[in-house]
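J.: got a sequence here, can you model it:
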Amino acid sequence: MVKVPFLLATLLTAGFTATAQNDYQQSVRASYEGHIFKPKQVDATDARVAQLKVPAGFTITKFAEKLDKPRMLAVAPNGDVYVSNRDKGTITLLRDSNQDGRADQTRQVAQAEHLHGLAIRDGKLYASAIRELYVADIQKDGSLSPLKRLYDDLPDAGQHPNRTLNFAPDGTLYLSVGSTCNACDEGNKENATLLQMKLDGSGRTVYAQGLRNTIGFGWHPRTGQLFGFDHGIDWLGDEQQREELNEIKQGGNYGWPFVFENGKANLADEPPGGQTHAEYAAKTINPKLLYKAHSAPLGMAFYNGQQFPKEYQNDAIVTMHGSWNRAEPAGYKLVRVHFNEQGQPEKFEDFVTGWLVNDNKEQFGRVCGIAQHADGSLLVSDDATGVVYRVAYAGNGKPAPAGKARKRG
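T.: Below is the predicted model of the structure:
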């Protein structure tokens, strides 16, 4: 573990009263102590996988392995699984032809630099890279037609090049564009945003801003409300900035980089137009829930299948990729977000844990992408050891059903 003490100092204009005569400039000095700790990676052996902790009645097994660095997942209606590899720029097809809960066919079906986000709609697969958005037809054998480029002018990369895609219930495509930096005033208005994209490549609009890096997002199955998990700012200490679960609304501003959590000031960055941090915070939307700092939420999927118990309906499962910027590791797990009858998030609960081992000094999994399979199980990628896991519900000690995949519609 490396300890990195540093001093953060800035000047800001602070309006402490409503009267101009009491306005004055004040120097503010803040000191934080940052830490770097990366648990050592070890192999995802069968013995280690067997000790993963799941709720009663659930199982977790390897759906596929030896996939190098699998990132995002998309599942076709017939059960075919597509997985991206950002480093190699590939999309790989995983097929469970005998429906035993484990892929028996693995085939690369596309390649272009930096492919990452995946989404399927109406027999087409959409894939995002750093500056490009592609589309391809899904063939009967699971292969793809040649990638067709819809956009090639997305913002440049930086600290967060991992564009992700998702379709709203009404068929509108959304794309997340992370910030280029830890905390800065971006020069491109499309950085640190969620975009709405036209499927013919004719244009896009900023749906929401002030989102540092919202990789996982989706719509509540019953209410249709959009939620996303945003990454907190690094180097503000072990316990802040906490990760933010937001209800994302059109035109909303979620504060980054000037304010965070429930209106806290980021003293290193001054709001535009001479505003105080408090004035800027009043124009932003606070998160619905906060999660342990630096856990790095990546994938998020609302469960609406028929395999899990009824109480899981309309809850979300989130992949916590795992920390590097704190003394004690956080994340490296799957987390369940409980939603109430009104469609609002109420609390977090561990769903699958155990990837941290040896007193948290080692890890054998950094969970990443997540998708609901056609049979109602959940598939989860691990880009550290090259595994895609299958989380299924057995109940009453019976084998977890693989089920029959639906025909392509």
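
J.: any idea how far V75 is from G187?
T.: Look at V75 and G187: by CB to CB, to the nearest Å, they are 37 Å apart. (Each C-beta comes from the backbone N, C-alpha and C, glycine too.)

J.: which one's more surrounded, these two?
T.: V75 (20 against 9; other CB atoms under 10 Å).

J.: the more buried one reaches L94, doesn't it?
T.: No: using CB atoms under 8 Å, V75 is not in contact with L94, being 9.5 Å away.

J.: which neighbours do the two share?
T.: In the contact map built from CB atoms under 8 Å, 6 or more residues apart in numbering, the residues linked to both V75 and L94 are 81-82.

J.: which ones are touching the nearest residue to T61 once chain neighbours are set aside?
T.: In this structure, T61 finds its nearest non-sequential neighbour in R390, 5.3 Å apart by CB to CB, 6 or more residues apart in numbering. Counting by CB under 8 Å, 6+ apart, R390 makes contact with 60-63, 101-102, 373, 377-380.

J.: and those, which is closest to R71?
T.: Closest to R71 out of the contacts of R390 is V380 (11.5 Å), distances taken as CB to CB.

J.: surely that closest one meets Q372?
T.: No: if you go by CB under 8 Å, V380 and Q372 don't touch, sitting 10.7 Å apart.

J.: which stretches of the stretch 201-350 of the chain have low pLDDT?
T.: For the stretch 201-350 of the chain, no stretch is flagged by pLDDT under 70.

J.: please enumerate the strands of it.
T.: 204-209, 216-219, 226-230, 243-247, 259-260, 264-265, 289-291, 297-302, 316-320, 333-339, 345-352 (DSSP state E, counting those that start in this stretch).

J.: which one of V380 and Q372 is surrounded by more residues?
T.: Just comparing V380 and Q372: by other CB under 10 Å the higher neighbour count belongs to V380, 26 against 19.

J.: that one belongs to a strand?
T.: Yes: counting by DSSP: H, G, I helix; E, B strand; the rest coil, V380 is found in a strand.

J.: for it, which non-adjacent residue is spatially closest?
T.: What sits nearest to V380 in space, not counting adjacent residues and going by CB to CB, 6+ apart, is Y389, at 4.6 Å.

J.: can you confirm that neighbour is in a helix?
T.: No: per three-state DSSP, Y389 lies outside any helix segment and is strand.

J.: please name the nearest non-neighbouring residue to K62.
T.: Nearest residue to K62, sequence neighbours excluded (CB to CB, 6+ apart): V387, at 5.6 Å.

J.: actually G171, not the one I typed
T.: R121 (6.6 Å).

J.: hmm, F167 and that neighbour touching each other?
T.: Yes: between R121 and F167 there is a contact at 5.1 Å, judged by CB under 8 Å.

J.: now for those two: what residues contact both?
T.: L173.

J.: any regions of the stretch 1-150 of the chain where pLDDT drops low?
T.: 1-30.

J.: what about the helices in it?
T.: Using DSSP state H, counting those that start in this stretch, the helices of the stretch 1-150 of the chain run over residues 46-50.

J.: residues near F348, how many?
T.: 18.

J.: same question, K140
T.: Other residues near K140 come to 7 when the count uses other CB under 10 Å.

J.: could you measure from it over to V83?
T.: As judged by CB to CB, K140 and V83 stand 20 Å apart.

J.: please apply the same query to G101.
T.: Separation of G101 from V83 (CB to CB) stands at 16 Å.

J.: E349 now?
T.: Relative to V83, and taking CB to CB, E349 is found at 27 Å.

J.: quick one: contacts for the residue nearest to L199 when sequence neighbours are not counted?
T.: Nearest residue to L199 in three dimensions, chain neighbours excluded: L173, at 6.0 Å (CB to CB, 6+ apart). Counting by CB under 8 Å, 6+ apart, L173 touches 119, 121, 126, 165-167, 196-199.

J.: of E349 and V83, who's got more company?
T.: Legend: neighbour count by other CB under 10 Å for E349 and V83, higher for V83 (28 against 10).

J.: I'd assumed D156 was in contact with E190.
T.: No: under the criterion of CB under 8 Å, E190 makes no contact with D156, lying 10.1 Å away.

J.: of the two, who's got more company?
T.: When E190 is set against D156 and neighbours are counted by other CB under 10 Å, the residue ahead is E190, at 17 against 11.

J.: and D359, how many neighbours does it have?
T.: There are 7 residues near D359, going by other CB under 10 Å.

J.: what residues of stretch 120-135 count as buried?
T.: Within stretch 120-135, the residues that qualify as buried are 120, 125-135, counting by 16 or more other CB atoms under 10 Å.

J.: same thing with stretch 37-55?
T.: Quick answer for stretch 37-55 (16+ other CB under 10 Å): 37, 39, 42, 44, 48-49, 52, 54.

J.: could you work out the end-to-end span of that stretch for me?
T.: For stretch 37-55, the separation between the terminal residues is 29 Å (CA to CA, to the nearest Å).

J.: list the contacts of it.
T.: Residues outside stretch 37-55 that contact it (CB under 8 Å, 6+ apart) are 1-2, 60-62, 65, 322-324, 326-329, 332, 350-357, 360-365, 382, 384-385, 387, 389, 391.
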